[in-house]
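# compute the structure for the input listed below.
(2 chains)
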Amino acid sequence: ETGVTQTPRHLVMGMTNKKSLKCEQHLGHNAMYWYKQSAKKPLELMFVYSLEERVENNSVPSRFSPECPNSSHLFLHLHTLQPEDSALYLCASSQVPGQDYGYTFGSGTRLTVV
Amino acid sequence: KNEVEQSPQNLTAQEGEFITINCSYSVGISALHWLQQHPGGGIVSLFMLSSGKKKHGRLIATINIQEKHSSLHITASHPRDSAVYICAARGGATNKLIFGTGTLLAVQP
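Residues are numbered from 1 along each chain as shown, chains lettered A, B, ... in the order given. Model prediction:
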């Protein structure tokens, strides 16, 4: 365990389903991130939260909706996804956004859209 | 063309071999990371460096700022070193973390 916990580890969902990914950190970090990792591609930053405020949204389709209710928890709500959204979704946290000290990743959620 | 390029993409080695993975970047950076990703997905940070060389156990990371190049070395490789190794550089116009596509290393007994 790295200190960043993601659930579930695996998720299979239909294109009409609604599901949520959860990320939790108890490292005292103030920034949290969602990344998408598709096969053969570099990690893509999706969202950045700093002190529960969204500070970055990298042109992510609205079918992905993040939520950060407090500095320890981050959710990614999914609805009407497409098969091309199948990927590994990684959560990360760091002490301060834009700085890399203590940058810590979770184990990811492997998402399959059918 | 990605701003962070890694080579090789795939590497197979015999146990005990000395391994080198290379990372080149085309932007000015403030820090460079080497990450390890095991099957199953979780990513672990190995090194963060901005100059010189760092060593941790059998792993050594070096960076040459002038040449915009970094290397990750593994001495006395072991099958448990089998993983994807990812280089990531913080820099460029947006000062974001830019990731390479990774190097898949398989160490055979």
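
# show me the strands in chain A, by range?
For chain A, strands defined by DSSP state E occupy the ranges A:4-7, A:10-13, A:18-25, A:31-37, A:44-50, A:53-57, A:64-70, A:73-79, A:87-94, A:104-105, A:109-113.

# tell me which of those strands lies nearest to chain B.
strand A:104-105 (3.8 Å; C-beta to the nearest C-beta). Quick note: C-beta positions are derived from backbone N, CA and C, even for glycine.

# in contact with the spatially most central residue of chain A, which residues are there?
Chain A has A:Trp34 as the residue nearest its centroid, 3.0 Å off, counting by C-alpha atoms, centre = their mean. Going by C-beta atoms under 8 Å, 6 or more residues apart in numbering or on different chains, A:Trp34 touches A:23, A:45-47, A:66, A:74, A:76, A:89-91.

# tell me the bridge partners for it.
Assessed by DSSP bridges, A:Trp34 has beta-bridge partners A:Phe47, A:Cys91.

# pLDDT wise, what is it at?
At A:Trp34, the pLDDT value in this model is 95.

# could you say which helix or strand holds B:Thr62?
If you go by DSSP states H and E, B:Thr62 is part of strand B:59-64.

# ok, and what's touching that strand?
Under C-beta under 8 Å, 6+ apart, the answer for strand B:59-64 is B:32, B:34, B:46-47, B:49-55, B:69-75.

# again, but for stretch B:65-77
Residues contacting stretch B:65-77 (C-beta under 8 Å, 6+ apart): B:13-26, B:29, B:32, B:34, B:46-47, B:49-51, B:58-64, B:81, B:85, B:87, B:105, B:107.

# mind checking which of these are in helices?
Residues of those located in helices (DSSP state H): none.

# any weak-confidence spans in the chain?
The chain I'm using is chain A. Along chain A, segments meeting pLDDT under 70 span A:1, A:98.

# let's do chain B instead
Along chain B, the parts satisfying pLDDT under 70 run over B:1.

# go again using 90 as the cut-off
Chain B contains residues with pLDDT under 90 at B:1-2, B:27-30, B:38-42, B:90-97.

# ok so, going back, show the buried residues in the contacts of strand B:59-64.
B:32, B:34, B:46-47, B:70-74 (16 or more other C-beta atoms under 10 Å in any protein chain shown).

# buried ones in the strand holding B:Thr62?
Buried residues in strand B:59-64, defined by neighbour count with 16+ other C-beta under 10 Å: B:59-63.
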